[in-house]
Each structure stands twice: as C-alpha cells, then as structure tokens.
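Peer 1: any chance you could fold what I've pasted below:
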Amino acid sequence: NPHSKLLLCNPSNPTGGVHNQQRLEQLAKVLEDYPQVAILADEIYERLVYSDNGVCPAFAAMPNMFHRTMTVNGFSKAYAMTGMRLGYVAAPSKFAKAITTIQSQLTSCAGSISQAAGVAALTQVQDEELEANVQIMKEKRDYVLDRLASMNNVNVAVPPNGAFYLLPEVSSYFNGDDAELCLQLLKSKQLALVPGSSFGAPGTIRISYATSMEELNVACNKLEQFLQEHE
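Peer 2: Model (predicted):
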C-alpha cells in the first residue's frame, strides 16, 4: 500500500513502555525493506523516562529514517501545560506542507497566549526542574506499583519506564470484562479508570499516576477495597 503508515508511540500511552536505542534501530532496519511506509512518531512523553540514562531516542535519528518520519510533540506532558493545547510536528517538507494545508482549515493556528507560554517554557524552564519532576513522577510510579503488587490477581508484567501510566492485568475480575469493572468501580467508589479494551488490551485497566500522592493513596485504597469485594 503506497499510503501505509506506522504509528509509533514512544514512550507509550497506555503501557508506559519505552523502546530503547537498540529496539528502535532494529525497527528501522525492518522498515528499510518497506520504503513506502511513513512513520508518525508520537514522542510527547520523551522527557518522562525513568530508566538509568533517562533518554528516549528520537526515531527520526535512526539510520535512514529522517526523511520518512513525522515527529509529534507538545507541551502538555513534560511542562504540565495541558490546558494550553499547544503541540507541534517536525517533518520533512512534503509532509509539513500537507499538514499545514489541513490545519489551516481546522484551527488556523495555536492561540497567541499558548504560544507565548510555550516560548517561556523553552527559554525559562531549566533542565534541573524537568529532571526534578521526573524524580517525583518516578516516586509516584513506584508507590502505585507497590500498592498493586499487594492486591490479589493484579499483575503488571513489565514495570513502565516512561510516561505516567500503568496497565495492570485484572482479567480475574468480572470474567475479564474490563469495561464492566471500570463502570462498577465508578458507580460504587467514584473512582474513574480507563478500560484496557479501549487500547486493544482487554482484561486490563489504565491507571494514571499524574496526580498528588494524597490522591493516589485514596485511589489505591478504593481500588483495593473494590477488588476485595469482588473476589
């Protein structure tokens, strides 16, 4: 198919997985055999990586991938500017022109206030602040992982190394119906989680830990109580 595209979300929403340099190079090697495939690399969580080196390699930097890759990024995650709705794409000119044609008829451009805030983020926020935030998020991840590990029939196969999500497997409950689990959890405990089936992962639930430790403690208590009631 001459219009084939590969969507690469790295770090990943919903798993929090991070593909390292070696894995990305392997993927790039495979793609050399499919020159018609364009790559859309969503790297908006690139500054939220918890591995030892704290690096999420850019896919456009992989061998022979620069001219084929559209890199999507923004300010919502690393800079906590979700409400500003400010993002960007770095792409070869042929893709950028097509994107501009479409966007000009949809939103015209980002709001001037959001653009000014983005400039401030890039020029005034020091790397030390971002690194400190990564450490805070890592502590939250570890807290939720520890709480999940103490709950019966809740499994996290691979601890996430990026973003701020967990995707535990909970298929022992509600006969594996993750949507029903989330619905009943919302009704009985007023706790909102996202069914994994929305991401093609039935029998799982997505948890975001991008909130305060106090809120995470309350949420984990509610989830634990709920699961105990339905064992």
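
Peer 1: check which element follows the helix or strand bottoming out on mean pLDDT in the chain along the chain.
Peer 2: Within the chain, no helix or strand scores below helix 93-106, which has a mean of 93 by mean pLDDT, DSSP states H and E. Following helix 93-106 in sequence order, the next helix or strand is helix 112-124 (DSSP states H and E).

Peer 1: state the mean pLDDT of that next one.
Peer 2: Helix 112-124 carries an average pLDDT of 96.

Peer 1: equivalent analysis for stretch 208-221, please.
Peer 2: 98.

Peer 1: any idea how far it is from the chain center?
Peer 2: In terms of CA atoms, centre = their mean, to the nearest Å, the centre of stretch 208-221 is set 18 Å apart from its chain centre.

Peer 1: got it, and stretch 182-189?
Peer 2: Mean C-alpha position of stretch 182-189 versus that of the full chain (CA atoms, centre = their mean) differs by 24 Å.

Peer 1: buried set for stretch 167-185?
Peer 2: Buried residues in stretch 167-185, counted by 16 or more other CB atoms under 10 Å: 167-171, 173-174, 177-178, 181-182, 184-185. All C-beta spots, glycine's among them, are computed from the backbone N, C-alpha and C.

Peer 1: and after the longest helix anywhere in the chain, which helix or strand comes next?
Peer 2: Assignment by DSSP state H gives helix 127-149 as the longest helix of the chain. Per DSSP H and E, the first helix or strand lying C-terminal to helix 127-149 is strand 165-166.
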